[in-house]
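Colleague: Here is my input; please provide its structure:
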Amino acid sequence: MVQFGVHIGAQNASVEELRTLWKYLDANGADWISLWDHLYEAPPAGGTQPHFEAFSMLGALAVDTSHARLGCLVFCSQYRNVGVLMKGAISVDHLSGGRFELGMGSGWHDQEAQAFGIDFPSQGERFKVLEGQMQAVNKWRAGERVTQSTPGVELRDASMVPGPMGKMPLWIGGLGPKQTLRMAGAYADGWNAAYASPAQYKELNGILDDWCEKAGRAPSAVERSVNLSFGLSTEDISVVKSQLQSQWGAASERIIAGSLLGRPEDAMEQIAPFVEAGAQLVNIAIRPPWPQELVAEYMEAIVPMMKKEWA
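Modeller: Coordinates of the predicted model:
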């Protein structure tokens, strides 16, 4: 069974507009709703666009909804002490009645990190921090007190009371075959790939299977999801592609390859290769402002059809 969700950027929209959006999504069959963890807008524009913080908005999301699984894809390992991160995640989990799922990643938005004086070392060093954090989170999820000294993590008999209401699944996000997928296979309950092509997604999914087996876990232990940029439009596809190229510059080719483009009725044909490649959760990524009439057509007409097809 394939599930369908929405990944939202808390930018370029008022709090009321965002709350209206996720209430609509929850009432109209969204299986998953997540926010991203940024301090500046994405794509980067020098901190010139309105943007809200993730945890505070997740609290509102938790109490405004009652059906969808909730998450953050993903929290940046550099932005918070892991104890503070876990405390926040558990708080949101309790607010949601046990629907929250914790997503973690090494981050990429160096522009916002530099602006706020957040240490943002090399990718390799960030991976070391991320791995230590995931190790600590899994110990807390198991009900343990944690003593640990790894890069970026210093804990001394640290308790986590209360714990999550349930298991609170742990996700990792990223496209790196050597480190991200290795950690997914060893520590995570779910893996999220953002803006990959169907061919790349299929290749990475196979690599993840191998890492799971090397870690002594069944590949089925790790849920697979993909985020696709929501580019459905009444405009010609070339116009939407041009907008993405302008917004993302050098990264636009990858974003376009991982986007839904065209009319809503074209979405199923574009999503099918990801499902065939193993995606169990398909999220559209919305960057406000959004075309509500097209989101509504996708959610109310296309998603039910896809759920029936891939039940």
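
Colleague: in what helix or strand does Ala13 lie?
Modeller: If you go by DSSP states H and E, Ala13 is not part of any helix or strand.

Colleague: how close does the nearest residue to it once chain neighbours are set aside get to Asn12?
Modeller: In this structure, Ala13 finds its nearest non-sequential neighbour in Pro288, 3.8 Å apart by CB to CB, 6 or more residues apart in numbering. Yep, even glycine has a C-beta here, placed from its N, CA and C like the rest. Computed as CB to CB, to the nearest Å, the Pro288 to Asn12 distance reads 4 Å.

Colleague: Equivalent analysis for Val226, please.
Modeller: 24 Å.

Colleague: swap in Arg263?
Modeller: Computed with CB to CB, the distance linking Arg263 and Asn12 is 24 Å.

Colleague: Surely the residue nearest to Ala13 is within a strand?
Modeller: No. Pro288: not assigned to a strand; according to DSSP: H, G, I helix; E, B strand; the rest coil it is coil.

Colleague: give the contact list for it.
Modeller: Ile8, Gly9, Gln11, Asn12, Ala13, Glu17, Leu18 (CB atoms under 8 Å, 6 or more residues apart in numbering).

Colleague: of all those residues, which two lie farthest apart?
Modeller: The distance between the two most remote of these (CB to CB) is 12.2 Å, for Gly9 and Glu17.

Colleague: which one of these two has more residues nearby?
Modeller: Gly9 (20 against 13; other CB atoms under 10 Å).

Colleague: Identify the spatial nearest neighbour of the more buried one, chain neighbours not counted.
Modeller: Leaving out its chain neighbours, the residue that sits closest to Gly9 by CB to CB, 6+ apart is Arg287, at 4.9 Å.

Colleague: what's the neighbour count on that neighbour?
Modeller: Other residues within reach of Arg287, judged by other CB under 10 Å, total 19.
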